[in-house]
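Asks: For reference, the sequence and a predicted model appear below.
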There are 2 protein chains.
Amino acid sequence: MTTGVRRRRMGVEERRRQLIGVALELFSHRSPDEVSIDEIASAAGISRPLVYHYFPGKLSLYEAALKRAAEDLAQRFDEPREGPLGARLLRVMGRFFDFVDEHGPGFSALMRGGPAVSAGGSCALGTASATNALIDSVRQAAYDQILAHLDVAEPSPRLELVIRSWISLAESTALLWLDGRRVPREELQLQLVNDFAALAAVSAANDPKTATLLHTILRNEPIDGPFTEPLRRLGALAGIAGSAEG
Amino acid sequence: MTTGVRRRRMGVEERRRQLIGVALELFSHRSPDEVSIDEIASAAGISRPLVYHYFPGKLSLYEAALKRAAEDLAQRFDEPREGPLGARLLRVMGRFFDFVDEHGPGFSALMRGGPAVSAGGSCALGTASATNALIDSVRQAAYDQILAHLDVAEPSPRLELVIRSWISLAESTALLWLDGRRVPREELQLQLVNDFAALAAVSAANDPKTATLLHTILRNEPIDGPFTEPLRRLGALAGIAGSAEG
């Protein structure tokens, strides 16, 4: 295809970046399983053999795209350590849902059992563990960020459990949201911040360290903030208990 | 090896059941990856070729063991629909942690990305999706049980999200517990029941149907039950908010 504008030749790294971007764009609309190398080549405006020149197979392109996406997501966890914690977490949740929104089908396919991508019949077993390691590294980045914001260097086993299980709650909530988008994402972003406060408060009953931490945090939260407002509502519900007996 | 007692010959189904039981017993101490067919044969008291007579490979034995474990777990969700809901859920959590305790390494390996088991270099891709389907069927059984206990036939999208995301919270809490067992399981069983009430209460703020359901449930709970006690505690915490400004 000849056009008036002569096509500029890309360097190897530039071309690889372009192909990764094209792949991620296609994965944001359909599951990676359903996207062929032909489509990626066509969307990038190059030939299929040239794609294989930069990536030996769909699998290696998939892995490179996944790595880029993981780095992208981990960066969105960065948040200045200023102001009330609830508001900070709410901003991070907004960026997390931005990411999930942008990468919908790719995110779903990845989190629901890793890539079922095989390169021309060869085996993707090594990929499954590489993928899991990458997912775990993003979870770890999220965990480290939360600890840093909580200003805790050595969490108690119970606090660690609260944070890590809340991260998995955020993942599953986002996945469930993607399946039909039947609840506004803004509501779920706020709900997850509420959930964090609620789960921490439940765990604090058995953990003096978490209780002390929670008290310190709450003293610095606005009374109508996303950490404190749900606690008040939950307290009001407790008054209902046992009233059927009266 | 000749003993005084002549070894009774087993039928095909009986032998298959025995081998599945032996495999599950071995998987309860070490990850399936680390258990060889030789060990399974030895523990069952038969030859390696005879194992292959009943199961064409480690993969098919693994799949059969997984299926048995999934059925076992799903059965533990059965709970009579009598008495306060919080106490019912607490009994189910006890049996869930029994299962997790009994199947430790096998449960971990399964939930952390499916079986990395390959049968002599052949590819386990089909297994990954079969495994995911089996895990999803257990999750669905848990979901159906909870809906039945809540006496809800058509859940709102928000209630569905609360239940399904709580199920994933229970999974991740159990997995984190297995990693070092640094928190007593009885505490986590109760905590998960508390968490269910807390997550439902948070979501009820945006969902009149869930709010009505929660009110009905709480009216029939004892005031010191696992559904209501944490809500009171959470309410008390709300009073702390913003006190740093005073």
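Replies: Nice, I can see it. Numbers count the residues shown, from 1 in each chain, chains lettered A, B, ... in the order given.

Asks: now do the same end-to-end measure for stretch A:50-69.
Replies: Taking CA to CA, to the nearest Å as the measure, stretch A:50-69 stretches 23 Å from start to finish.

Asks: Would it count as contacting chain B?
Replies: No: interface with chain B: stretch A:50-69 contributes nothing (CB under 8 Å from any CB of the partner chain), its closest point being 11.7 Å away. All C-beta atoms are positioned from the backbone trio N, CA, C, and that covers glycine.

Asks: Contact partners for the most centrally placed residue in chain A?
Replies: Taking CA atoms, centre = their mean, the centroid of chain A lies closest to residue A:96, which sits 5.4 Å from it. By CB atoms under 8 Å, 6 or more residues apart in numbering or on different chains, the contact set of residue A:96 is A:73, A:76, A:77, A:170, A:174, A:189.

Asks: which one of those residues is nearest residue A:136?
Replies: Closest approach between the contacts of residue A:96 and residue A:136, by CB to CB: residue A:73, at 12.8 Å.

Asks: and the closest one, what is it in contact with?
Replies: So residue A:73 contacts A:96, A:99, A:138 (CB under 8 Å, 6+ apart).

Asks: What is the burial count for residue A:201?
Replies: By other CB atoms under 10 Å in any protein chain shown, 28 other residues sit near residue A:201.

Asks: Touching, it and residue A:231? I think so.
Replies: Yes: between residue A:201 and residue A:231 there is a contact at 6.3 Å, judged by CB atoms under 8 Å.

Asks: hey, what's in contact with both of the two?
Replies: With CB under 8 Å, 6+ apart as the test, residue A:201 and residue A:231 both reach B:234, B:237.

Asks: Right, and chain B sits closest to which residue of chain A?
Replies: The nearest approach of chain A to chain B comes at residue A:235, 1.3 Å away (CB to the nearest CB).

Asks: Please go through chain A and pick out the longest helix.
Replies: Secondary structure of chain A read by DSSP state H shows that its longest helix is helix A:125-150.

Asks: Quick one: list the elements packing against it.
Replies: Applying 3 or more CB pairs under 8 Å, 6 or more residues apart in numbering or on different chains; DSSP states H and E, one finds that helix A:125-150 contacts helix A:58-76, helix A:85-102, helix A:104-111, helix A:157-178.

Asks: quick one: the residue nearest to the centre of chain A from residue A:89, how far?
Replies: 10 Å (CB to CB, to the nearest Å).

Asks: do the same with residue A:242
Replies: 34 Å.

Asks: circling back to that earlier point, out of the contacts of residue A:96, which comes closest to residue B:154?
Replies: residue A:174 (24.0 Å).

Asks: Need the pLDDT of that closest one.
Replies: On pLDDT, residue A:174 comes in at 97.

Asks: Can you get me a residue count around the residue nearest to it when sequence neighbours are not counted?
Replies: Spatially, and ignoring its direct neighbours in sequence, residue A:174 is nearest to residue A:100 (4.5 Å; CB to CB, 6 or more residues apart in numbering or on different chains). By the criterion of other CB under 10 Å, residue A:100 has 22 neighbours.

Asks: I'd say residue A:100 and residue A:111 touch.
Replies: No: using CB under 8 Å, residue A:100 makes no contact with residue A:111, being 9.6 Å away.

Asks: where in chain A is pLDDT low?
Replies: The model of chain A has pLDDT under 70 over residues A:1-8, A:113-127, A:245-246.

Asks: 90 instead?
Replies: A:1-11, A:31-33, A:57-59, A:109-133, A:205, A:223-224, A:228-246 (pLDDT under 90).

Asks: Neighbours of the residue of chain A closest to chain B, how many?
Replies: 19.

Asks: what's near enough to touch residue A:165?
Replies: By CB under 8 Å, 6+ apart, the neighbours of residue A:165 are A:199, B:169, B:172, B:173, B:176.

Asks: ok, those residues vs residue A:55, which is closest?
Replies: Using CB to CB, the contacts of residue A:165 come closest to residue A:55 at residue B:172, 33.8 Å.

Asks: Tell me how far that closest one lies from residue A:74.
Replies: The value you get for residue B:172 to residue A:74, if CB to CB is used, is 19 Å.

Asks: Looks like residue A:109 contacts residue A:35 (just checking).
Replies: No: using CB under 8 Å, residue A:109 is not in contact with residue A:35, being 10.3 Å away.

Asks: joint contacts of those two?
Replies: With CB under 8 Å, 6+ apart as the test, residue A:109 and residue A:35 both reach residue A:27.

Asks: tell me the angle of the longest helix of chain A relative to helix A:157-178?
Replies: Using axes from the mean of the first three to the mean of the last three CA atoms, to 10 degrees, the interaxial angle of helix A:125-150 with respect to helix A:157-178 works out to 120 degrees.

Asks: Fine by me, thanks again.
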